[in-house]
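Trainee: This is the structure alone, sequence omitted:
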């Protein structure tokens, strides 16, 4: 018998019990949340007996309230991707794809940078890894699938030997990203099993009987079919070159007063040591996103300006896990429980539909 409870403080949701809990709910019933449209979210580790709707409410009423200036951050990411795809930047490796008898043979992968494949070269084909040199996507060498403008449907990425089943290659989902930056309007997702989706200007329609694993960032998402969206945080490191962050206004240099004379008679103290500044010094990691202060790359002081103050490191930032310098990131799931997104009235019910973006500055000789 399905027991159901409703609370006035979250009247757009209902809390019900389901059998077969795991973790803290092992051996008992777990909690299910259902929204007014019939979308459900199963919380298999939350014991139903002790669950209350207020446990899943957030302090902010809407999803957008957690992101600050979303448009500015999206523009930043877009500028980084433009730099990444520039062949002269050498920030990524364009993978060679050869069509032989309807099979896509891929080769030329690297292990220290992102590897880029054009979706049009592999769509609907079995991707053969015979010449891939044992490549598998990792944090240092994620796989970026670049989707061209005009694409209306995304299907399965058929990499031979890669299984989306748990305990096999499902972890690859954390290091695969489909870039839909060039797409607008409706895009159907049908059959995709692994990979995060970056689609800031597209309306994604998840119409699939196949479960997908990854993170999604889109203008909107609608779902139907028997498939599920499983949340797998994107952990790939995407280097960026020397690009201007459109989220940060440019501060013009203070002009020199031509009326202020210099003192040529002032001697230089030979005993005073010369201050040396390393132009390749550290770039400190950013802390959590402040809505009033758009995220932008922090660069070391110019070597010609010995008086420039040092930029203090944000030692309180819990979001930076890599030892690599972080140039910018859009948001972290740690600050946005998906249950709260539903309570706030968002249309997305599946876990993992909110994207995390992590970018690091590449150090090149």
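Mentor: Nice, I can see it. Nothing here was measured: the structure is a model prediction, and the numbers come from that model. Numbers count the residues shown, from 1 in each chain.
Trainee: which residues does residue 31 contact?
Mentor: 15, 16, 17, 18, 42, 43, 46, 47, 48, 51 (Cβ atoms under 8 Å, 6 or more residues apart in numbering). In short, each C-beta sits where N, CA and C put it, glycine included.
Trainee: Looking at those residues, which are in strands?
Mentor: 15, 16, 17, 18, 42, 43, 46, 47 (DSSP state E).
Trainee: mind listing what's buried in stretch 43-53?
Mentor: Buried residues in stretch 43-53, counted by 16 or more other Cβ atoms under 10 Å: 43, 46, 47, 48, 51, 53.
Trainee: The nearest residue to the fourth one once chain neighbours are set aside: how many residues sit nearby?
Mentor: When the adjacent residues along the chain are set aside, residue 48 lies closest to residue 17, with 3.9 Å between them (Cβ to Cβ, 6 or more residues apart in numbering). Taking other Cβ atoms under 10 Å as the criterion, the count of residues near residue 17 is 19.
Trainee: hmm, back to that, could I get the contacts of residue 31 as TSV with distance to residue 225 and pLDDT?
Mentor: What follows is the contacts of residue 31, written out as TSV (distance: Cβ to Cβ, whole Å; pLDDT from 0 to 100):
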residue	distance to residue 225	pLDDT
15	25	92
16	22	94
17	25	93
18	20	93
42	17	89
43	22	92
46	25	94
47	30	95
48	27	95
51	28	93
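Trainee: so which of those residues comes closest to residue 158?
Mentor: If you rank the contacts of residue 31 by distance to residue 158 using Cβ to Cβ, residue 42 comes first, at 29.1 Å.
Trainee: Chain neighbours aside, what residue packs nearest to that closest one?
Mentor: In space, residue 42 is closest to residue 32, 5.2 Å off (Cβ to Cβ, 6+ apart).
Trainee: what mean pLDDT does the host helix or strand of the one you found have?
Mentor: According to DSSP states H and E, residue 32 maps onto strand 29-35. For strand 29-35, the mean pLDDT works out to 93.
Trainee: for the strand of greatest length in the chain, packing partners?
Mentor: Of all the elements of type strand in the chain, the one with the most residues (DSSP E) is strand 196-207. Here strand 196-207 touches helix 70-85, strand 176-179, strand 185-189, strand 212-214, strand 216-224, going by 3 or more Cβ pairs under 8 Å, 6 or more residues apart in numbering; DSSP states H and E.
Trainee: what residues does the second one touch?
Mentor: Yep, that's strand 176-179 we're talking about. Contacts for strand 176-179 (Cβ under 8 Å, 6+ apart): 81, 119, 137, 142-147, 154, 157, 192, 194-198, 214, 234, 236.
Trainee: In strands only, show me these.
Mentor: Per DSSP E, those map to strands at 143, 144, 145, 146, 154, 196, 197, 198, 214.
Trainee: I figured the fifth one was touching residue 183, is that so?
Mentor: Read that as residue 154. No - with contact defined as Cβ atoms under 8 Å, residue 154 does not reach residue 183; the gap is 9.4 Å.
Trainee: so what sits against both of those two?
Mentor: Contacts common to residue 154 and residue 183, judged by Cβ under 8 Å, 6+ apart, are residue 147.
Trainee: Of those two, give the one with the bigger neighbour count.
Mentor: residue 154 (25 against 22).
Trainee: Show the contacting residues for residue 25.
Mentor: 44, 45, 46, 47, 48.
Trainee: which residues does the nearest residue to the third one once chain neighbours are set aside bridge with?
Mentor: Distances taken as Cβ to Cβ, 6+ apart put residue 31 closest to residue 46, at 4.4 Å, once the chain neighbours are dropped. For residue 31, the beta-bridge assignment (DSSP bridges) gives partners residue 17, residue 43.
Trainee: now residue 31: how far from residue 42?
Mentor: According to Cβ to Cβ, to the nearest Å, residue 31 and residue 42 sit 8 Å apart.
Trainee: For those two, list the residues in contact with both.
Mentor: Common neighbours of residue 31 and residue 42, using Cβ under 8 Å, 6+ apart, are residue 18.
Trainee: where does the closest residue to residue 104 other than its chain neighbours land on pLDDT?
Mentor: Leaving out its chain neighbours, the residue that sits closest to residue 104 by Cβ to Cβ, 6+ apart is residue 125, at 4.4 Å. You'll see residue 125 listed with a pLDDT of 97.
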